[in-house]
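Engineer: attaching a predicted model along with its sequence, questions to come.
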Amino acid sequence: MTASAIDGRTVGARVERTGCDFDELVRRHQSMVFSLAYHFLHDRETAEEVAQEVFLALHRHLAEIESPAHAEHWLRKVASQRSMDEFRRRKRRPQVALEVVTEPAAVMSSGDPILGEVLRRLVATLPEAPRMVMVMRYQEDLDPMEIAALLEMPLATVKSHLQRSLALLREKLERRGKGEL
Amino acid sequence: MDRLEQELKQALARTQPRPDFSLRVSRAVEGRASVMPRWMATAAALVIVSGGSLAYREHQGRVAKEQVMTAMRITAVKLNHIQARVKGVRP
C-alpha cells in the first residue's frame, strides 16, 4: 500500500469521525472568515490574505478539530485574532477618517446600499476592541455572552462597547442629518 | 432591535471573497505541504554531513593502511637484500 493511500485512509477515517473535511470547511465558512476580516479591516485584498492565513492555520490544526461546530468556533476565534494582529501590524487606524465618510445623498430606506457603506465605514473608524465586538454582534449575530467568551473579554465590557458604539454611531449619523436612525 | 441595529445587521452581513478563493487556499495548502519542514531539512543535512565525514575517514584509513603495507614491503625487500649480502661476506 502506498503512503498516499494510507494518508487518504487516515484522512477518510478522521472525516468520518469528526465530519470535518477541509475543502468542505473552506467552502462552508469562507464567507464568515472573509467577512470578519473585511468588516474589521475594511480592505478586501488584506481581508482575503488574512482569510487565507486562517484556513492554512486550520489545515495545520485539523487533527485537533473535533466537530463542525468546533471548527466554526475555532475559525471565528482565529479570524478575529488574525484580523486584530494584522491591524496592529499595520499600525494605522482604519483607512477612513469620520470627516471624509461619504455623505449619503438621498433619503434612506432599509437596506440602502449607500447607508450600508456609510455604516461600514463608521464601524471601521471605531477603536479595535469595540469594532470587533460590533462585527461579532451584527455580522455573526452573537449575543454579548458569546462575544465575551470568544474574545475573552468581561461581559460588562462587551455590553459597554456595544452601547457606546451604538451611541457614537447614532450621534455621527444625527450630525449628518440622519436622525431617524 | 431598533432601526440602526437592523441597518447595521444588513451593512455587516456576510459577503463572499473572490470566486477563486477556495482554489487559492487549496493551492496554498498543497504548496506548503510540498515544502520540506525545517526540522526535516536540518536532519537531512546532518545525515549528509556526518555520512560524508564517516566516508572520508574510512577513505583516509584505507590510504594509511596501503601506505603502511607499502612501507613494510619495501622494508622486507631491503632486509632480504641486507641478509643476502651479510651471508655473502661470511668467511
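Structural biologist: Yes, it's here.

Engineer: how far away is B:Arg32 from A:Arg60?
Structural biologist: Distance, B:Arg32 to A:Arg60, by CB to CB, to the nearest Å: 8 Å. All C-beta spots, glycine's among them, are computed from the backbone N, C-alpha and C.

Engineer: and what of A:Glu66?
Structural biologist: The spacing between A:Glu66 and A:Arg60, counted by CB to CB, is 16 Å.

Engineer: residues touching the residue most central in space within chain A, list them.
Structural biologist: In chain A, the C-alpha nearest the mean C-alpha coordinate belongs to A:Leu36, at 1.7 Å (CA atoms, centre = their mean). With contacts defined as CB atoms under 8 Å, 6 or more residues apart in numbering or on different chains, A:Leu36 is in contact with A:Arg76, A:Ala79, A:Ser80, A:Ser83, A:Val135, A:Met136, A:Gln139, A:Glu140.

Engineer: what helix or strand is the nearest residue to the last one once chain neighbours are set aside located in?
Structural biologist: Counting by CB to CB, 6 or more residues apart in numbering or on different chains, A:Glu140 lies nearest to A:Arg76, which is 6.7 Å off, once chain neighbours are set aside. Per DSSP states H and E, A:Arg76 falls inside helix A:68-90.

Engineer: counting contacts, what elements does that helix pack onto?
Structural biologist: helix A:22-41, helix A:44-60, helix A:128-138, helix A:144-151 (3 or more CB pairs under 8 Å, 6 or more residues apart in numbering or on different chains; DSSP states H and E).

Engineer: please, which helix or strand holds B:Glu66?
Structural biologist: With DSSP H and E as the test, B:Glu66 turns up in helix B:38-89.

Engineer: so how far is that helix from its chain's centroid?
Structural biologist: 26 Å (CA atoms, centre = their mean, to the nearest Å).

Engineer: quick check: mean pLDDT of it?
Structural biologist: Averaged across helix B:38-89, pLDDT comes to 84.

Engineer: that one and chain A, are they touching?
Structural biologist: No: Helix B:38-89 lies out of reach of chain A by CB under 8 Å from any CB of the partner chain, never closer than 14.0 Å.

Engineer: can you check the pLDDT for A:Leu115?
Structural biologist: pLDDT, A:Leu115: 87.

Engineer: turn the helices and strands packed on helix A:68-90 into JSON lines, columns for mean pLDDT.
Structural biologist: Output for the helices and strands packed on helix A:68-90, formatted as JSON lines (pLDDT from 0 to 100):
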{"stretch": "helix A:22-41", "mean pLDDT": "96"}
{"stretch": "helix A:44-60", "mean pLDDT": "96"}
{"stretch": "helix A:128-138", "mean pLDDT": "97"}
{"stretch": "helix A:144-151", "mean pLDDT": "97"}
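
Engineer: what's the closest of these to B:Arg18?
Structural biologist: B:Arg18 sits nearest to helix A:44-60 of all the helices and strands packed on helix A:68-90, at 6.7 Å, using CB to CB.

Engineer: and A:His42, how many neighbours does it have?
Structural biologist: 18 (other CB atoms under 10 Å in any protein chain shown).

Engineer: just checking, it touches A:Arg120?
Structural biologist: Yes: at 6.7 Å, A:His42 counts as touching A:Arg120 under the criterion of CB atoms under 8 Å.

Engineer: which residues touch A:Ala51?
Structural biologist: Contacts for A:Ala51 (CB under 8 Å, 6+ apart) come out as A:Gln30, A:Val33, A:Phe34, A:Ala37, A:Ala79, B:Pro17, B:Phe21.

Engineer: ok, and the closest non-adjacent residue to B:Arg32?
Structural biologist: Nearest residue to B:Arg32, sequence neighbours excluded (CB to CB, 6+ apart): A:Leu56, at 6.6 Å.

Engineer: same check on B:Gln16?
Structural biologist: Leaving out its chain neighbours, B:Gln16 is closest to A:Ser31 (CB to CB, 6+ apart), at 5.1 Å.

Engineer: run a quick neighbour tally on that neighbour.
Structural biologist: 17.
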